[in-house]
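Undergrad: Pasting a predicted model and its sequence here:
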Amino acid sequence: MERRVVVTGMGAVSPLGLSVPELWQGVVEARSGVGPITLFDASGHDTRFAAEVTGFDPTSYMDRKEARRTDRFVQFAIAAAKEALRTSELQITDENRDEVGVFMASGIGGIQSLSEQLDVLRTRGPGRISPFLIPAMITNLAAGQVSIDLGARGPSLCTTSACASSAHAIGEAAETIRRGWAKAIIAGGSEASITAIGVAGFNAMKALSTRNDDPASASRPFDADRDGFVMGEGGAALILEDLEHARARGARILAELVGYGATSDAVHITSVDEYGVTRAIRLALGRAGLSPADVDYINAHATSTPAGDPVETAAIRHVFGGRESAPPVSASKSQFGHLLGAAGAIESIVSILAMQHGTLPPTINLANPDPACDLDYVPNAPRQRELNVALSNSFGFGGHNVCLAFRRFGE
């Protein structure tokens, strides 16, 4: 019998709040987490706003010495993982720690630490570089630090596939549990790229919105007036477990991860390809044993770029048909921006919460629908509806596509 994989805990640090309940409160309030950049002086940048995490104190999750030595993206990962573990009530002990893994993704890693130390190199010379630079900046140290902090000695790795990174982490964690290589895995992602070089780099590609006069409405997926994505930051983690392991310890089961589809476009370094997206969705459904008619909701990747949103819409139409037959779709990035490597994890959490609460999350700022985007995007306000199956889409530069299928748990 194939092992079933369930979600028993969730944690999040986001532009809408520092916990999962705060995140969900922001979602149902249709609130925007976007505002002027405060993390650096953005006055000379084309884009001067982002979706920042506010009020975050790393010493609430680690001691002061560790906080000084770790990058912000690692701090977000530790905070999210600790909340997920606490809400799951999974105890990591000497008896089980070898079977508890950590799959924590990041697309960019410690760019803040790298930027700071490049300034030190230029002004003070190579002899003054911090010995903690490399551990602070490399992407895998989120997984490494979470493993160290929590004492999890099972499989541990970092997936880096741009904005599909944490969706890949969740999918691969589930497959690792199905193979019997772990009983439980802390899976998710973190990102903290709102830095001068990070924003300037995405501006140079013309990827970011420049709606500086109205930041809260800048992230507007599927809207005809969208002009690019809004950078976000944060961390998100899910506790995935073998169903029998979860049952044996009396865990509260939040959802079941039933399908995982992953493809590569093999077309372009930044553009999304309709065929690759369509195939990822179909693979997730096929592996879950679901038909398109079984799906009640899709949390779209939908970054608010002029090119990307119509491609995802077309792929959804290919699988589900037109507006009358396709399930409702919404874009959480309209509220908390694009968390890059952490996007798939936080949007998976929103998808699970949507099923738990029987609530379709909104796509805010959808005032002037693009004729090329003609599905039901739950515009501007949440909607009550019973949900049993939800999909979460994630796509990344380089042509990486992931679709995760979650089902409300039933015996």
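TA: Okay, I see it.

Undergrad: Low-confidence regions, this structure specifically.
TA: Low-confidence segments of the chain (pLDDT under 70): 1, 411.

Undergrad: So for it, the centremost residue is which one?
TA: The C-alpha lying nearest the average C-alpha coordinate of the chain belongs to residue 343 (C-alpha atoms, centre = their mean; 2.2 Å).

Undergrad: residue boundaries of the helices in the stretch 1-150 of the chain?
TA: Secondary structure of the stretch 1-150 of the chain (DSSP state H, counting those that start in this stretch): helices at 20-28, 64-69, 72-88, 111-124, 133-137, 141-150.

Undergrad: How about the second one, which residues are buried there?
TA: Neighbour counts over helix 64-69 (16 or more other C-beta atoms under 10 Å) mark 66-67, 69 as buried. Every residue, glycine included, has its C-beta placed from N, CA and C.

Undergrad: Only C-alpha atoms, please: export that helix in CSV.
TA: Only the C-alpha atoms of helix 64-69 are listed here, as CSV (Å, rounded to 0.1, in the frame of the first residue of the first chain):
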residue,chain,number,x,y,z
ARG,A,64,21.0,37.3,20.2
LYS,A,65,24.3,35.8,19.1
GLU,A,66,22.7,33.5,16.6
ALA,A,67,20.5,36.4,15.3
ARG,A,68,23.7,38.5,14.6
ARG,A,69,25.3,35.6,12.7
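
Undergrad: For it, name the packing helices and strands.
TA: Taking 3 or more C-beta pairs under 8 Å, 6 or more residues apart in numbering; DSSP states H and E as contact, there are no helices or strands that helix 64-69 lies on.

Undergrad: and what of the fourth one?
TA: Packed against helix 111-124 by the contact rule (3+ C-beta pairs under 8 Å, 6+ apart) you find helix 133-137, helix 196-204.

Undergrad: Is it possible to get a markdown table of those that adds mean neighbour count?
TA: Shown next, in a markdown table, are the helices and strands packed on helix 111-124 (neighbours: other C-beta atoms under 10 Å):
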| stretch | mean neighbour count |
| --- | --- |
| helix 133-137 | 19 |
| helix 196-204 | 17 |
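
Undergrad: In CSV, list those helices along with distance to residue 153.
TA: Listed next are the helices and strands packed on helix 111-124 as CSV, based on distance: least, C-beta to C-beta, whole Å:
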stretch, distance to residue 153
helix 133-137, 19
helix 196-204, 33
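
Undergrad: Quick one: closest of these to residue 190.
TA: Residue 190 lies closest, by C-beta to C-beta, to one member of the helices and strands packed on helix 111-124: helix 133-137, at 13.0 Å.

Undergrad: which one of the buried residues of helix 64-69 is nearest residue 334?
TA: Looking across the buried residues of helix 64-69 and measuring by C-beta to C-beta, the closest to residue 334 is residue 67, at 31.8 Å.

Undergrad: ok, that closest one to residue 14 distance?
TA: Distance, residue 67 to residue 14, by C-beta to C-beta, to the nearest Å: 19 Å.

Undergrad: and of the helices and strands packed on helix 111-124, who's closest to residue 184?
TA: Checking the helices and strands packed on helix 111-124 against residue 184 by C-beta to C-beta gives helix 133-137 as the closest, at 25.7 Å.

Undergrad: what's the offset of that closest one from the middle of its chain?
TA: What separates the centre of helix 133-137 from the centre of its chain is 22 Å, taken as C-alpha atoms, centre = their mean, to the nearest Å.

Undergrad: same deal with stretch 191-209?
TA: The answer for stretch 191-209 is 18 Å, by C-alpha atoms, centre = their mean.

Undergrad: re the thing from before, could the helices of the stretch 1-150 of the chain be laid out in JSON lines, adding distance to residue 299?
TA: Putting these into JSON lines (distance: least, C-beta to C-beta, whole Å) gives the following:
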{"stretch": "helix 20-28", "distance to residue 299": "11"}
{"stretch": "helix 64-69", "distance to residue 299": "32"}
{"stretch": "helix 72-88", "distance to residue 299": "18"}
{"stretch": "helix 111-124", "distance to residue 299": "26"}
{"stretch": "helix 133-137", "distance to residue 299": "30"}
{"stretch": "helix 141-150", "distance to residue 299": "23"}
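
Undergrad: So which of those helices is the most surrounded?
TA: helix 72-88 (a mean of 27; mean count of other C-beta atoms under 10 Å).

Undergrad: other SSEs contacting it?
TA: strand 5-13, strand 100-105, helix 141-150, strand 184-191, strand 234-242.

Undergrad: what do you get if the cut-off is 7 Å, keeping everything else the same?
TA: strand 5-13, helix 141-150, strand 184-191, strand 234-242 (3 or more C-beta pairs under 7 Å, 6 or more residues apart in numbering; DSSP states H and E).

Undergrad: Dump that helix to CSV, restricted to CA.
TA: Output of helix 72-88 as CSV, limited to C-alpha atoms (Å, rounded to 0.1, in the frame of the first residue of the first chain):
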residue,chain,number,x,y,z
ARG,A,72,17.2,37.5,7.5
PHE,A,73,16.1,34.6,5.3
VAL,A,74,17.4,32.1,7.7
GLN,A,75,15.6,33.8,10.6
PHE,A,76,12.3,33.7,8.7
ALA,A,77,12.8,30.0,8.1
ILE,A,78,13.5,29.2,11.8
ALA,A,79,10.5,31.2,12.9
ALA,A,80,8.1,29.5,10.4
ALA,A,81,9.5,26.1,11.2
LYS,A,82,9.1,26.6,15.0
GLU,A,83,5.5,27.7,14.6
ALA,A,84,4.7,24.7,12.3
LEU,A,85,6.3,22.3,14.7
ARG,A,86,4.4,23.8,17.7
THR,A,87,1.0,23.7,16.0
SER,A,88,1.6,20.1,14.8
